[in-house]
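Novice: When you get a sec, could you give me coordinates for this:
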Amino acid sequence: LGKVYRNLNRLAESGEILRLRTENGPDRFDGDISGHYHAECTVCGDMYDIDIPYQAELNKEIETKTGMSISSHRITFDIVCERCKRRK
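Specialist: Numbers count the residues shown, from 1 in each chain. Alright, predicted model coming up:
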């Protein structure tokens with residue numbers, strides 16, 4: 001298991017995969033390195049890709065308002081997934 005996580009960390013550091021930091025659990029890894037968004041269930045912790053276009057214009061808007069140089073952004077939505085909603 002240690003070898004698997006070492007390799008995942010190396011791949012994330014080299015930009016070949018994404019590391020997704022979670023609120024209440026271990027890091028997750030995503031092989032899709034294109035700009036996209038995620039949702040994390042606040043009940044079970046499962047993560048999902050959100051199929052909406054990446055909003056590159058947010059980078060420019062923040063650069064204009066702050067003077068900072070933005071290379072990319074990540075957004076994770078806090079949700080209750082369908083499975084957890086059915087359990088309640």
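Novice: what's the single longest helix in the protein?
Specialist: Using DSSP state H to define each element, the chain has its longest helix at helix 2-13.
Novice: got the residue ranges for the strands in the chain?
Specialist: If DSSP state E is used as the criterion, the strands of the chain fall at 18-20, 28-30, 37-41, 47-50, 76-79.
Novice: Contact partners for residue 79?
Specialist: 39, 40, 41, 42, 48 (CB atoms under 8 Å, 6 or more residues apart in numbering). Bear in mind the C-beta positions are built from the backbone N, C-alpha and C, glycine included.
Novice: What's opposite it in the beta bridge?
Specialist: Under the criterion DSSP bridges, residue 79 forms beta bridges with residue 41.
Novice: With residue 47 instead?
Specialist: Here residue 47, judged by DSSP bridges, has bridge partners residue 40.
Novice: you'd agree it is up against residue 38?
Specialist: Yes. With contact defined as CB atoms under 8 Å, residue 47 reaches residue 38; the gap is 5.6 Å.
Novice: related to what we said a few turns ago, what is the most widely separated pair among the contacts of residue 79?
Specialist: Greatest spatial distance among those (CB to CB): 42 and 48, at 12.4 Å.
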